[in-house]
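[1] no sequence for this one, just the structure:
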């Protein structure tokens with residue numbers, strides 16, 4: 001009958017077993033599942049690593065840079081800037097402790 005025949009060029013599953021070839025739609029063993037999950041985890045981890053290397057996080061500016069930006073934007077006048085700058089200089093001279 002036609003139902004029992006396989007298409008031309010496609011070996012039957014019995015032919016695969018006789019030749020020692022794996023069948024692709026068969027159930028996998030525990031080791032096969034572990035290898036597949038490990039491969040996917042490695043692939044996702046590699047993708048995340050690559051994205052992090054391509055787009056690094058920006059470093060936070062130091063206090064002196066923030067102070068200069070506030071002076072430039074007009075948030076501080078020159079007198080306030082000098083007071084805060086001197087306070088920062090005194091703090092950095094003493095090691096940054098309060």
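    Done, it's in. The structure displayed is predicted, hence computed values, not measured ones.
[2] Please make it C-alpha for all contacts and neighbour counts, starting now.
    OK.
[3] Quick check: the gap between residue 88 and residue 48.
    39 Å (CA to CA, to the nearest Å).
[4] Looking at these two, which one has more neighbours?
    It is residue 88, of residue 88 and residue 48, that has more neighbours when counted by other CA atoms under 10 Å, with 16 against 12.
[5] quick one: which helix or strand includes the more buried one?
    According to DSSP states H and E, residue 88 maps onto helix 78-93.
[6] How is the protein divided into domains?
    Using automatic domain parsing, the domain ranges for the chain come out as 27-57, 63-93.
[7] Next, the buried residues of the helix of greatest length in the chain.
    The single longest helix within the chain, with elements called by DSSP state H, is helix 30-54. Of all the residues in helix 30-54, not one is buried under the rule 16 or more other CA atoms under 10 Å.
[8] Run through the neighbouring helices and strands of that helix.
    Contacts defined by 3 or more CA pairs under 8 Å, 6 or more residues apart in numbering; DSSP states H and E place helix 30-54 against no helix or strand at all.
[9] next SSE after it?
    Helix 30-54 is succeeded, C-terminally, by helix 63-73 (DSSP H and E).
[10] what mean pLDDT would you report for that next one?
    Taken as a whole, helix 63-73 has a mean pLDDT of 93.
[11] again with stretch 79-98
    82.
[12] Outside of it itself, list whatever touches it.
    Around stretch 79-98, the neighbours that count as contacts under CA atoms under 8 Å, 6 or more residues apart in numbering are 63-64, 67-68, 71.
[13] mind listing what's buried in that stretch?
    Quick answer for stretch 79-98 (16+ other CA under 10 Å): 81, 84-85, 88.
[14] got it, and stretch 63-80?
    67, 71, 76.
[15] ok, the first one to residue 43 distance?
    From residue 67 across to residue 43, the span is 44 Å (CA to CA).
[16] And the last one, by the same measure?
    With distances taken as CA to CA, residue 76 is found 50 Å from residue 43.
[17] now do the second one
    Noted for residue 71: a distance of 48 Å to residue 43, by CA to CA.
[18] Now that residue 70 has come up, it's in contact with residue 76, right?
    Yes - at 6.0 Å, residue 70 counts as touching residue 76 under the criterion of CA atoms under 8 Å.
[19] Lovely, talk soon.
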